[in-house]
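In: Have a look at this prediction, sequence included:
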Amino acid sequence: MRMTKNESSLIRDIIERVESSERVLLSSHQGPDGDSLGSQISFYLYLKSLGKQVWMYNQGHIPHYFHDFKEIDLVKCEPEDWIVPEQGFDLAVIFECTSIDRIGEVKDIVAPKTDIINIDHHRENSEFGLINYIDVDASSVGEMNYRIFKQAGLEISREIAEYIFIAILTDTGRFHFTSTTPESLRVAAELIEQGIDIKALTDRIYFSNSEAQLRLTGELLASMDVVLGGRACLLTLTRSDLERYGLKYGDMEGMVEWTMKVKGAMVGALLKDLRPDFTKISLRSQRDIDVHKLAQKFDGGGHLNAAGCHIHAPLPEAKEKLISAIGELIEDVD
Ligand code: 5GP
């Protein structure tokens, strides 16, 4: 835990600042995932219960498994939908971002004087907010939100419980990553006591792929690169792959996890050609192999075993650079 103040007084500051606000912008990192959106939407529901005006703006694609959730249409991902109220926002709450740059172009509509509450669990968080609630030991930001809601005395509705559960479920890889802690399991248990249906939720997220998604998954797996003596596995996803199947990047969320299913692979990567000269990379690793350190070499960040970065180069060139950096990272590992 990295906190300059005692946790409950920090949460009290958040609650007070939220209660005194009127027009609140919520955002999270580009290419939002289960934790960033689960946190953001659960916070939206908290603010609405207080009668606040709230806007949710994000850059990137919503993961496919969110499409059937009621509040997801309120998350606007097209810049032309990012309307700023006449009096401006008087508060912005940013989830799961190490720096304000991680919200991408949404940053351009946050006025320099807007107060920011920064809620995150990444160790390299730059504390860019007026209030910075950072807990590097939390499984997810959803788990941190839950603490805020409890301290605020919020009645946890079924919807809020579902979004928090999704945040924890996805950021712990279905309670499988080392970020799964007694605390995250305790919160999940309390959410189940609220009456959420974990089978139905887990099915919606992990077992509801379209035929096109599964066929493309098959293709990508058939062409995976197992390199460095079987110790690294790389997958590539290109815009033309997606076009052939009528899919978007968000439809292939979670693809990187396949790389860790290869026995012997210590590092896994998924490379995406977001632009012709810009390759986005998701990284995964086993044991104490620090892909966060690897990501930092390429303007990225994340956690010990799950991180992300980008290389300003076409995908084949980025792949070469990445393989050589992975080789350096694992050269002394048995
Ligand atoms: P994923 O591969 O699932 O997109 O991301 C894994 C982890 O790395 C997440 O914690 C995510 O926030 C972080 N991450 C992914 N891409 C970037 C990036 O470009 N910069 C930073 N700082 N973190 C990233």
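Out: Arrived safely. Numbers count the residues shown, from 1 in each chain.

In: which secondary structure elements does the host helix or strand of N145 contact?
Out: Assessed by DSSP states H and E, N145 sits inside helix 141-151. Secondary-structure packing of helix 141-151 (3 or more CB pairs under 8 Å, 6 or more residues apart in numbering; DSSP states H and E): helix 7-19, helix 34-49, strand 115-120, helix 158-171, helix 182-193. All C-beta atoms are positioned from the backbone trio N, CA, C, and that covers glycine.

In: Could you list the alpha-carbon positions for it in CSV?
Out: What follows is helix 141-151 as a C-alpha-only set of coordinates in CSV (Å, rounded to 0.1, in the frame of the first residue of the first chain):
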residue,chain,number,x,y,z
VAL,A,141,-9.6,-0.5,-8.6
GLY,A,142,-13.1,-2.0,-8.3
GLU,A,143,-12.0,-3.4,-4.9
MET,A,144,-10.9,0.1,-3.8
ASN,A,145,-14.2,1.6,-4.9
TYR,A,146,-15.9,-1.0,-2.8
ARG,A,147,-14.1,0.4,0.3
ILE,A,148,-15.2,3.9,-0.7
PHE,A,149,-18.8,2.9,-1.1
LYS,A,150,-18.8,1.0,2.3
GLN,A,151,-17.3,4.0,4.1
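
In: ok, it near the ligand or not?
Out: No: contact of helix 141-151 with the ligand (CB under 6 Å from any ligand atom) is absent, the minimum separation being 9.8 Å.

In: Which residue, neighbours along the chain excluded, lies closest to K48?
Out: Closest residue to K48 apart from its sequence neighbours, by CB to CB, 6 or more residues apart in numbering: V54 at 6.3 Å.

In: just to revisit the earlier point, show me what counts as buried in the helix holding N145.
Out: Under the neighbour-count criterion of 16 or more other CB atoms under 10 Å, helix 141-151 has V141, G142, E143, M144, N145, Y146, R147, I148, F149 buried.

In: of all these, which comes closest to the ligand?
Out: Proximity of the buried residues of helix 141-151 to the ligand (CB to the nearest ligand atom) peaks at V141, which lies at 9.8 Å.

In: and the stretch 1-150 of the chain, which residues reach the ligand?
Out: Counting by CB under 6 Å from any ligand atom, the residues of the stretch 1-150 of the chain close to the ligand are H29, D33, E96, T98.

In: Tell me which two of those residues sit farthest apart.
Out: D33 and T98 (14.2 Å; CB to CB).

In: Check whether the helix or strand of the chain with the lowest mean pLDDT comes near the ligand.
Out: Every helix and strand of the chain was ranked by mean pLDDT, DSSP states H and E. The lowest is strand 301-302, at a mean of 93. Yes: residues of strand 301-302 contacting the ligand under CB under 6 Å from any ligand atom: G301, G302.

In: Moving C-terminal from that strand, which element do we reach first?
Out: Next along the chain after strand 301-302, taking DSSP H and E as the criterion, comes strand 306-311.

In: Mean confidence (pLDDT) on that following strand, please.
Out: For strand 306-311, mean pLDDT is 96.

In: Can I get it in PDB, CA atoms only?
Out: The C-alpha trace of strand 306-311 is given here as PDB (Å, rounded to 0.1, in the frame of the first residue of the first chain):
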ATOM      1  CA  ALA A 306       0.900  -8.100 -16.600                       C
ATOM      2  CA  ALA A 307       1.900  -4.900 -18.400                       C
ATOM      3  CA  GLY A 308       1.600  -3.000 -21.600                       C
ATOM      4  CA  CYS A 309       3.500  -0.700 -23.900                       C
ATOM      5  CA  HIS A 310       3.900   0.500 -27.400                       C
ATOM      6  CA  ILE A 311       6.600   0.800 -30.100                       C
END
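
In: Tell me the spacing between T98 and N125.
Out: Counting by CB to CB, to the nearest Å, the gap from T98 to N125 is 5 Å.

In: mind putting the helices and strands packed on helix 141-151 in JSON lines, mean pLDDT and mean neighbour count included?
Out: Compiled in JSON lines, the helices and strands packed on helix 141-151 are given as follows (pLDDT from 0 to 100; neighbours: other CB atoms under 10 Å):
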{"stretch": "helix 7-19", "mean pLDDT": "97", "mean neighbour count": "15"}
{"stretch": "helix 34-49", "mean pLDDT": "98", "mean neighbour count": "25"}
{"stretch": "strand 115-120", "mean pLDDT": "98", "mean neighbour count": "23"}
{"stretch": "helix 158-171", "mean pLDDT": "97", "mean neighbour count": "25"}
{"stretch": "helix 182-193", "mean pLDDT": "97", "mean neighbour count": "16"}
